[in-house]
Each structure stands twice: as C-alpha cells, then as structure tokens.
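J.: everything below, folded, please.
(2 chains)
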2 protein chains.
Amino acid sequence: MSRKGDIPKELEQHLGELQRKLREKKIPLLIIFEGPSAAGRGRFISALIQLFDSRGYRLITASLLSESVNRIFFQKYWLYTPEAGRIAIYERSYYGELVESGYKKSGMTIRWIKDFEKTLAANGTAILKIYLEISKKEQKKRLKKLEKNKNTRWRVSNEDWKQNKNFADYTDVMDNLISETSTSYAPWLRINANDLKTARRELLEKTAEFMDSLVKEYSAKNANIYKTSDDIKEEKISLDDIDLSLSLSREEYKNRLDGLQEDLLHLELKAYRKRLPVIIVFEGCDAAGKGGAIRRLIQGLDPRGVDVIPVSAPDKMELSHHYLWRFWKNFPKKGHFVIFDRSWYGRVLVERVEGFCDVSDWRRAYDEINEMEYCLYGSGALICKFWLQISPEEQLRRFRERETNEYKKWKITEEDWRNREKWKEYKVAAEEMLYRTNTSYAPWTIVEAESKLFSRIKIISTVVKNLKDKLKN
Amino acid sequence: MSRKGDIPKELEQHLGELQRKLREKKIPLLIIFEGPSAAGRGRFISALIQLFDSRGYRLITASLLSESVNRIFFQKYWLYTPEAGRIAIYERSYYGELVESGYKKSGMTIRWIKDFEKTLAANGTAILKIYLEISKKEQKKRLKKLEKNKNTRWRVSNEDWKQNKNFADYTDVMDNLISETSTSYAPWLRINANDLKTARRELLEKTAEFMDSLVKEYSAKNANIYKTSDDIKEEKISLDDIDLSLSLSREEYKNRLDGLQEDLLHLELKAYRKRLPVIIVFEGCDAAGKGGAIRRLIQGLDPRGVDVIPVSAPDKMELSHHYLWRFWKNFPKKGHFVIFDRSWYGRVLVERVEGFCDVSDWRRAYDEINEMEYCLYGSGALICKFWLQISPEEQLRRFRERETNEYKKWKITEEDWRNREKWKEYKVAAEEMLYRTNTSYAPWTIVEAESKLFSRIKIISTVVKNLKDKLKN
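T.: From the prediction side, this is the model:
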C-alpha cells in the first residue's frame, strides 16, 4: 500500500491539529485496535500516528505487553493507560488476550473489562475501540504472503492458521464480546479492512470524527457512569465500640513474635513457590503504629520478595493519571509481597476530608476500589487490609514523645498536628470506608492499636493465618 | 540468625539517621552486594534496610534485573541507579553477571564496568561495593541445608554446585576483578561472612563508617576523575565548508523515496529477525528539518518496531538522576529502532551554550558520551548520528513560514528566536562536538539540509546503507 494514497491533505492536517487540541485540553485518549491476525494493524496504526506529534502519543505494542509475564492480569493495561493530554494506542488489548486464552463466557473477565473501561471513563479517559474486519479468504491470502518472505515468516504462527481454519468461531466470539462491551463511553468502531485503501480512509475519517466530538464535548467528569446511592445504612461500623484496652506483656510479645516470624518466613517461601501475589494494606491515623508494625512484619522475611510502598501525596506525573494508576504500578509479581503504608484508600480518607477531590469522586470510589480488589482477588492475589485504631489521647502522647526524642523528631510534622484537629471528620470517613469496602474477597481487619505490642502481634498473626488458609492446598 | 542479635541500639539508630542525612543532602548512593552463592545476601541486606526509612532506599533484586532480557547489556543497571537522596541496593550486579557469563579477561566488559562507575561517580553518585566471603566448606554446608527444605530447594541450582566444586576458580576470578576495579570513588569492602553474627555487625559498622564520611566530605563534583584536556586541536571540523547548495528535484526525490522506504521496511524486518538494536540520533538547529526527516524515515517502517523519543528539557525526576539516565531508559530492545529527536548531545550543545551545567561537566561529557556509545556498540547496537546543517538565512525563512502557516504556527516559539541570537555560540559547540565524538563505532553524518528533499534522501539512504552493512552476514 502506498503511504500517500488518496487521503486528502486536509484530513491529515486536521488529525494533527486534533491531537494538539487534545493535548491543550489535557484529554487522555485510549485507542484500542482489535481484529483477526493479518488484519493490517501495523499499517493502520502507522497511517494514524504519522500524523501525530511524537510527544502526543505512545504506541503500546503486543511485544511490550508480553513482557509482563508473572504479573497480575490487568496490571500491564493499567500501566500504559494514557496520562492527561496523551494518546495511548494499544496494538492489542485485553480483548485479544481474552479470546486467545480461551474465552469461556464465564463473565469473570468480561466483568474486569467492563470495570476497567468504566472507571477509566468515569475519571475522564476517552476510549475508542477499533475492530478491523477481514474475511476468512482475505486472511488466508495475507498469511500465505507473509509466509513466503523469510523476514516476515516468523509472524505467522500455528495459532494464526488455527484461527483461519475456525474463522467463524473467532468472529462469533468477537461479535459477542463487542456487543457486550459497547457503551456510550467506550464505543466500538467496526472497519471493513479487506480493502486497505478504503479502510485507511475510513479509519482516519471516523477517528477524526470521534476526536472532533471529544474536543467539542469533552468533560472530565463522567460521574454518572457509576450509580452511587447517597444513603448511608444504619448498620455502619462504629470505631467507638473497639476495645482499646487490649494489651500484651513484653515477655508474651517476644515469645509470640519469634514464632510468628519463623512461620512467616516459611510461608513467604511457600508463597513464592506457589506464585501467590500478596498485597498488604496499612491504614490508620498518624502515629497509629503503621511503620513499627511493618518493620516487625518484614524483619523475618527475605527482603528480595517484599516491597514496601510508602504512599504520600501524588507527584505531578501521578496526578496526570487515573488516581489508581500509581497503585497498579506497584502491585506484586506472582510470588511476591507488596506492603502499602497508606494506600488507594486515601481517596475516601484524606482526599475526602481535605476536599482534594469532588464529592462525586470519593462517593464513586468505594465501587471503583471494590472492583479493583475484586480483579486482584480474581487474578489470584491475597489481600490483607489493616485499620489501626488508637484513641486521640494516645495519639497526643505519641506526638509529644516524637517531639522530644532525638531519633523520632523527624517523624512529626506540622501536618500531623493539622490532621489531628480533624479527628472527627477522619473518623466518619474511616467508618464509612470500613463499612463500604469490607468485602468477602478483601476484608478489613480492625486492629486495636493502643498497645503497640498487641497491635503488632495481631497483625502478624492475621497475615500468617490468611497465608496459611490461602496456601492450604 | 536472630534478627536482634548483638547489634548495639546506637549503631542501628545512627544508620537510620545517616540515611535521612543522605536524603537531606540529596546524595545518591549505590550499594552493590557480591559474593558466592549462599553467602547470605538476603539476610545481610535485610539487616541493613530494616534500619532505613522505606522512602529512602530501593532494593534491586536479581529477579527484577532478570526481567530485562532482550535488552542492551548495561541498560538495566543504568535504569536502577539511585536518584538524588536515595540508596539503591543491588542484590547482584554486573560483577556477578560477568563472572557467570564466563569472564574471559577480554578487558571488554571490565572497561564497561569501569566506565559505568566512573561516570556515575563523576556526576555525584557515591558507590560502595560489598564482597561477602565464605569458605568452600561453609558454602557446601549452606547449600545442603537449603536443599533439605522443600520451600528453599528451588534456590539451589546446578550452577551453585558447580561453583562449589570449582570454588578456587570463582574466588580467583573475583579477586582479580576486585583488584582491577578498586578505586577511591568506588571502593570494595570485603567481609568475612562465615560467621553470620560477626559479619552482620561488621557490615553495619563499616557501612556506617562509609556513610559517615559521605555525609561529612561529600562533593557532587568529582570532575577530576576524568582527565580532560583543554586544548582544542587544529584539525577541527568546520561547518562553513559544507556545500549547502546541494538539492534534489521533486521528481527525483519521489522516485528515490519510494525505493528507499521499501528497502527500509525489508531491513527493519531483517534487523528484527537478527535482533539488532538500532539507535538513530538527530541533532541540528531549530527548523533544520529533523521532524520532517523523521516522519519520512518512519513512514515506511512497521510502527511496532520503532519508537521516536522527542527530547526536551529534563523533568524533575530526570534531573535528580545522572544526565544520561533518561536516554538509557529509552534505548531499544534487541531488534527494535529508537529514533532520538535531539539527544544526550544536548549536554555539549544547549547545556553548554546556555550555561545549564558547569564547564567541567560538558568538558567531561565528550568522554562520557564516547564511552556510552562504545558500550552500546559493544552490546551489538547500530548507532547512526545525523547533524542537519542549514544557513541562518534559511532558518529565518522557515521561521517566518511557520509564523504565517495556520498548521505550522504551533511549531515556533519565543525560545526559537532566542536561540537564533546565539547562532555563533551554537556553531562553535556543534563543531567541537562533531570533532570530539566522531568515533569509528558511532560516526556522525553531516547532512546538507538547506534543501529538505536532499536532506531526507541523504538521511534515509545513509540509514539503509548502514543497516545493510551491519546485517551483511
């Protein structure tokens, strides 16, 4: 196919301009290409991106995506979602991967796909999905041509020939997937790609149309995609009912700690062998003892299998992405542990209380977070979430100690004192969070943390127990 | 080994404090662990990092490093170098990799190691290398113990037993490597690790000592590591001698372009098959035609094998790393092309002219860049570097055209006009660059770019020729 062809110069220039406008308006756009083997993905993508400024887009190739073996299923797609003002083009996507891995209409992974596109769109990412259609006959012709050239022969696999043989099966599955995932916020565009020339023109025209409407009507807020109810149920969790008098003698602590750390190392090795990804989340007010508990937790572990991710305010790059992006980036490889010192729950805690996001944002976040954790769980991960509760009096005592101790002084900041003034607002937010995100697949453990020794033992023994249960078989 | 042991509390607290001081002073520190199998790396690293704040360090595990197959040899090590104020701990390093891959004393990769440590240190990274020594007998004992437990059995490989069998060979090679790479700026610390308890204490004490001296005497400028001469040789390249009248008719251009693009696609596929990494660099003043040339170059290529990296001012994260870090990050996988629209040569062009770095920084950079390109070349990469030359009159004409053309207006900024005022300074810098970095393994091609058509054809045909030569066999 000639690279020039019959594309009007105006259309080309218009697409270049649209990309720059998307950038100015800070709109993130995800374009997905799907279609049978040899549908001409490379050529069509080339026709599109040569009109864009190279700062404005990123092409996510199948080869790039295939580097993420040993990872939680959706992680790679999250990793490459576009930031504000940029276009990400997926040469292949979760649709192709789903079909190839033997799509069984279980509803399981379709749910993940729907959740993924829904939360992206709700947080302002525009999504366009392009399906390139070719006939069985045309595919056969192209595969044969590829096989003839020794430099392109490697591209044709047995899988491709199998697809051609059972072509109707493939198109049936895709048709079904497309109809199940066609939404107003992530529409499918079907393009007949049997004739490369007309298809290329159609692709450019329709993409320009889509981008035109984006530039005109784009709104970063698509909160209505999620239907969140405003009513707060009565049977809420109350943090006042927690027994903060629970404690442990230092002797008992030492005895139990040694045994638990030994168990933990054993379980870490077993988790590695069984390729279990483990996600541990710590939340709680300042000085609740998160850091100390984490230190005791990892003390006994092989450090090569554990990452601790301290979470503070997002940086500029993180802010230009979906708010969950920076957490997806850090989820563990299979067989590894990741411990979050604060987490995505910041959305419904600090961001809610301090007004760092809209009300609709944190209201929607409970569902978004539950969906994310469902996807992690479904991909085989163990999720342990700890809420460390102390009394305001105990917090004050610990703040004062930090101020006077030479080695702890660095731990206390002005901000800690400011947060303390909003104790009540944080409590309300925490209670709603604990209630709304306490799922069967990712339950919360509330830790009576007034006594540090008690708290640490409860945490480590919970991790040990959860690991044992998960690794039973 | 008990995690508590006989380490004085003061030493532990002191190490925590030292890490925070490193952070305050924005000192990047690289700590490398080496030693035979089962030397106890995991435990020693654990003893160290549990004293650090998790924001302050990153552990680079062997498993993380092993993800970078299909990459240029040194890329993964560059990728994980510490940024200002952070500690990067390499569980294994290029030393281990070199020994395992059959160190032949060729001098080839030792040179890369020396260059790597030298340029890091010269740009302010502190380096500490720790060698854990154990006896043959002790290793055998530990390997046997690991094999007995089904959860640790996978850790012991045939390689480990081979190492134990030929233990003296291993230690000979390492001793030799250590003596060849012991420098004032990247010293080796040998620790007898037969007894875990005393070794742990020694490790912590010596590391504290090293960090203490860093905090006291650190200087981000170690320019004297490189001995750069100030004399500028007579036989310099003169950009005045270039024949800017060279041009091409549109007809001739079209004829040649089609043929060259066809060749190029063929060669791209062949490069992919032969796993050749290709690096193409474009430099030249504003409006010299870099963008247009790049567009014609990639038009014919399969976009899945090509990345275009536009280089502008570094962002905050990039600034906190070695100046070459952001380029190393982007070097191609084997079989892929990466095209740099401006490059690391910014150090000796814009940074020199605008005073964005010290004189000693850009003076040293010629050597640093030559060393880097030597490493890329030695790792099998093809490097094509283009300097696009136009006259100041032609630049003015193109600037004016950009200002009046609706579709080109976005390309011209205030900064372009400002740079133009320094035409002469840029010319001097370009000439010295072309002279000092025109190596046999990464030569410059000077492109007479007054005629865009001539320029594009010269560039594409040079790439085609270089690819053909490299892929001959």
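J.: quick one: mean pLDDT over stretch A:142-158.
T.: Per-region confidence: stretch A:142-158 scores 92 on mean pLDDT.
J.: same deal with stretch A:47-54?
T.: The model assigns stretch A:47-54 a mean pLDDT of 91.
J.: what are the contacting residues of that stretch?
T.: By C-beta atoms under 8 Å, 6 or more residues apart in numbering or on different chains, the residues outside stretch A:47-54 that reach it are A:3, A:7, A:12, A:15-16, A:19-20, A:23, A:31, A:57, A:59, A:87, A:89, A:200, A:203-204, A:207, B:294-295, B:298-299, B:303, B:308-310, B:341. For every residue, glycine as well, the C-beta is placed using N, CA and C.
J.: tell me which element A:Trp395 is part of?
T.: Quick fix: residue A:395 reads Gln, not Trp. Here A:Gln395, judged by DSSP states H and E, is contained in helix A:392-404.
J.: again but with A:Lys385, I slipped
T.: strand A:382-389.
J.: in strands, which of the contacts of stretch A:47-54 fall?
T.: Secondary structure from DSSP state E places A:Ile31, A:Tyr57, A:Leu59, A:Ile87, A:Ile89, B:Val308, B:Ile309, B:Pro310, B:Asp341 of these in strands.
J.: beta partners for the last one?
T.: It refers to B:Asp341. Counting by DSSP bridges, B:Asp341 is bridged to B:Phe282, B:Pro310.
J.: tell me if I'm right that it and B:Ile294 touch.
T.: Yes: at 6.0 Å, B:Asp341 and B:Ile294 qualify as touching, with contact defined as C-beta atoms under 8 Å.
J.: tell me which of the two has more neighbours.
T.: Per other C-beta atoms under 10 Å in any protein chain shown, whichever of B:Asp341 and B:Ile294 has more neighbours is B:Ile294, with 23 against 19.
J.: need the contact list for that one.
T.: Contacts for B:Ile294 (C-beta under 8 Å, 6+ apart) come out as A:Ser54, B:Phe282, B:Val308, B:Ile339, B:Asp341.
J.: burial check on A:Glu97, number of neighbours?
T.: A total of 18 residues lie near A:Glu97 under the criterion other C-beta under 10 Å.
J.: so the one helix or strand it maps to, near chain B or not?
T.: Per DSSP H and E, A:Glu97 falls inside helix A:94-100. No: if you take C-beta under 8 Å from any C-beta of the partner chain as the test, helix A:94-100 misses chain B, and the best it gets is 14.1 Å.
J.: can you list the contacts of B:Ile294 in CSV and add distance to A:Asn473?
T.: CSV is the format used below for those (distance: C-beta to C-beta, whole Å):
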residue, distance to A:Asn473
A:Ser54, 50
B:Phe282, 57
B:Val308, 49
B:Ile339, 51
B:Asp341, 54
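J.: show me which pair in those is furthest apart.
T.: Maximum pairwise distance in the contacts of B:Ile294, criterion C-beta to C-beta, is 11.4 Å, between A:Ser54 and B:Phe282.
J.: quickly list what's touching both of these two.
T.: Residues within reach of A:Ser54 and of B:Phe282 at once, by C-beta under 8 Å, 6+ apart, are B:Ile294, B:Asp341.
J.: tell me which other helices or strands the helix holding A:Glu97 touches.
T.: If contacts are counted by 3 or more C-beta pairs under 8 Å, 6 or more residues apart in numbering or on different chains; DSSP states H and E, helix A:94-100 sits against strand A:29-34, helix A:108-122, helix A:167-180.
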